[in-house]
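In: Next comes the sequence, and after it the predicted model I'd like to discuss.
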Amino acid sequence: MVFTRTLQKGIFKVIKLLTTNHFEAAAVILFGIGFMNMLLQDNLIKKFIGLNIMDTAIYLYLVSYGYVIGRSAPIAEVGKAAQFEEFINPIPSGLVLTGIVVSVSVTAFSLALIQRLY
């Protein structure tokens, strides 16, 4: 009886965490899908699609980590004193943009190599 009550409390805690952190949960699920795709597929193009899904999951996690509800983009208005507490952290956004550019370049190069192999 005590074990089932403890198990129910644990399940409710997990459900509460998943509903409050749904972007992070989606990122973890996407990363798992991409990782399993890379492990289980024999075709190189399908493996590379799995790698791109993993990249997307990481970008989603970084964006969700850097966003704070109630804050705006770090753009100061003219004539208004900017307070640090009003803005979100711009570093995760910059990392995501840089990662997308690198990912597109690596994707193009890898697909050219895969085409050359076949």
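Out: Cool, got the structure. Numbering: from 1, shown residues only.
In: drop to CA atoms for contacts and neighbour counts, all remaining ones
Out: OK.
In: Would you confirm that residue 42 belongs to a helix?
Out: No. Judged by DSSP: H, G, I helix; E, B strand; the rest coil, residue 42 forms no part of a helix; its state is coil.
In: ok, it - contacts?
Out: Contact analysis of residue 42 by Cα atoms under 8 Å, 6 or more residues apart in numbering lists nothing.
In: For residue 27, give me its contacts.
Out: 57-58, 60-61.
In: can you do 6 Å?
Out: For residue 27, the contact set (Cα atoms under 6 Å, 6 or more residues apart in numbering) comprises 57, 60-61.
In: Residue 88 too?
Out: For residue 88, the contacting residues are 67-68, 71, 73, taking Cα under 6 Å, 6+ apart as the criterion.
In: Look up how far residue 68 lies from it.
Out: Taking Cα to Cα, to the nearest Å as the measure, residue 88 and residue 68 are separated by 6 Å.
In: can you check residue 23 too?
Out: In this structure, residue 23 and residue 68 are 13 Å apart, going by Cα to Cα.
In: For those two, indicate the residue with more neighbours.
Out: Higher neighbour count among residue 23 and residue 68: residue 23, with 18 against 13, using other Cα atoms under 10 Å.
In: For that one, give its distance to residue 86.
Out: Here the distance between residue 23 and residue 86 works out to 22 Å (Cα to Cα).
In: Residue 51 too?
Out: Going from residue 51 to residue 86 by Cα to Cα gives 36 Å.
In: likewise residue 61?
Out: 22 Å.
In: and those two? which has more neighbours close in?
Out: Neighbour tally, residue 61 and residue 86, criterion other Cα under 10 Å: the higher count belongs to residue 61, 20 against 13.
In: How many residues are close by residue 78?
Out: By other Cα under 10 Å, neighbour count at residue 78 equals 7.
In: One more: residue 31?
Out: Applying the criterion other Cα under 10 Å, we find 22 residues in the vicinity of residue 31.
In: For the longest helix belonging to the chain, name the packing helices and strands.
Out: What stands out as the longest helix in the chain, according to DSSP state H, is helix 90-117. Where contact means 3 or more Cα pairs under 6 Å, 6 or more residues apart in numbering; DSSP states H and E, helix 90-117 is packed against helix 44-66.
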